[in-house]
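Q: Predicted structure and sequence below. I'll ask about it afterward.
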Amino acid sequence: MTAQNRQLRLAKRPVGRIDDTTWEITTEPIPEPGTGEFVVRIQYVSLDPAMRGWLNDVPSYIPPVGIGEVMRAHAVGTVCASQHDSYPVGATVAGMFGACEYALSDGRLVTLVDTDLAPAPTWLGALGFPGMTAYFGITDVGRTKPGDTVLISGAAGAVGSIAGQIASLMGCRVIGIAGGPEKCSWLTEELGFDATIDYRAGSVGRALHEAAPEGIDVYFDNVGGDILNSALAVLRTHARVVLCGAISGYNATTPPPGPSRYLSLLVNRSSMTGFIIFDYLKRFPEAQAALGNWIRRGDLITREQIETGGIEAFGTTLNMLFDGANTGKLVLAM
């Protein structure tokens, strides 16, 4: 191999919004695989809200990306050199390869991608970590059952759009919160949500009382902040709040305030539970089988917003998540 491998590395920890000074692009020779290893030519990189948290040097569920390290990222690509029997040249694979053009792997936590079932970018969305998060958040953490009223915030995003569809397939009434009429229309007209709330159009609290006058059984929270507070005000008895993310505060420079309506959990004998998808790694085949079957039958609609520009566009594309500029799964083409 004579081409070079460009990698995006963390140059400086951001305070607030990330910018060009956050990153450094380095160039190295493409790695050569040893026994039991293979090299992947990266085609698509996943952009996820959790990445912002990985840049902070604070205790969390996973160590922060170190200064000078390649940016952690889930990606999909094609094996271009291999000394691994299970990953031959030409195979399409997905894994935590990082933000780079070529990656060396020994196969740990790598998935062989079936592009006959779905295109490669879908394996970063509905069949990747976002889909797994939606599946286990709705089924296990939310303990969702037929007849429940389910509220999803960030409903037009990678996780929320899948979570809402799963709840609908389970026989629930699903309400989505999203930003803007186009996203709200997509949720109801294409994805089958029963109702939507445009958080940019007025009072979310008032709209929630109108959309769910008898309250909600499950709240799948992707945004935190004021919307979480509003959702707590409409809980039914024994409701379940699923804490998946809090994107509204990821760029905050001071700790955001906690929910002031938390006593609703006491009054309604409800629960609020956080979860991390890495705890479910051994059960991924279960979720992928269910999601894949729904996709095959046409019951689950997937959408990937694919941005171009390669590795130089990583930071700008990542910021789109915090501007609400994406619909469905945000992916960067390499």
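A: Right, received. Where do you want to start?

Q: list the contacts for the residue most central in space within the chain?
A: Closest to where the C-alpha atoms of the chain average out (C-alpha atoms, centre = their mean) is residue 130, at 3.9 Å. With contact set as C-beta atoms under 8 Å, 6 or more residues apart in numbering, residue 130 has these partners: 48, 124, 158, 159, 162, 329. To be clear about C-beta, it is placed using only N, CA and C from the backbone, and glycine gets the same treatment.

Q: Which of those residues sits closest to residue 322?
A: Taking C-beta to C-beta as the measure, residue 322 lies nearest residue 48 of those, at 11.6 Å.

Q: and the closest one, what pLDDT?
A: According to the per-residue confidence, residue 48 scores 98 in pLDDT.

Q: How is it assigned, secondary-structure-wise?
A: When the structure is split into helix, strand and coil by DSSP: H, G, I helix; E, B strand; the rest coil, residue 48 lands in coil.

Q: Could you pull up phi and psi at it?
A: Here the main-chain torsion angles of residue 48 (degrees, to the nearest 10) amount to phi -130, psi 140.

Q: Please give me every residue in contact with it.
A: Under the criterion of C-beta under 8 Å, 6+ apart, the contact list for residue 48 reads 74, 129, 130, 158, 321.

Q: re the thing from before, of the contacts of residue 130, which pair is most distant in space?
A: Every pair in the contacts of residue 130 was compared (C-beta to C-beta); the two farthest apart turn out to be 48 and 162, at 13.5 Å.

Q: List the buried residues of the host helix or strand of residue 207.
A: Counting by DSSP states H and E, the element that carries residue 207 is helix 204-211. Buried residues in helix 204-211, defined by neighbour count with 16 or more other C-beta atoms under 10 Å: 204, 205, 207, 208, 211.

Q: Grab the longest helix from this protein for me.
A: Criterion DSSP state H: the longest helix present in the chain is helix 284-297.

Q: The very next helix or strand once past that one pairs with which strands, parallel or anti?
A: Beyond helix 284-297 on the C-terminal side, the first helix or strand identified by DSSP H and E is strand 304-307. Note on strand 304-307: by DSSP bridges, its sheet partners are strand 329-333 (parallel).

Q: Show the average pLDDT along stretch 222-235.
A: Over the span of stretch 222-235, the pLDDT mean works out to 97.

Q: all strands of the stretch 51-200 of the chain, in order?
A: Listed in chain order, the strands of the stretch 51-200 of the chain (DSSP state E, counting those that start in this stretch) span 75-82, 92-95, 102-105, 111-112, 149-152, 173-178, 195-198.

Q: coming back round to it: let's have the contacts of residue 48 in CSV, adding pLDDT and distance to residue 109.
A: As requested, these are arranged in CSV below (pLDDT from 0 to 100; distance: C-beta to C-beta, whole Å):
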residue, pLDDT, distance to residue 109
74, 98, 10
129, 97, 11
130, 98, 16
158, 98, 19
321, 97, 23
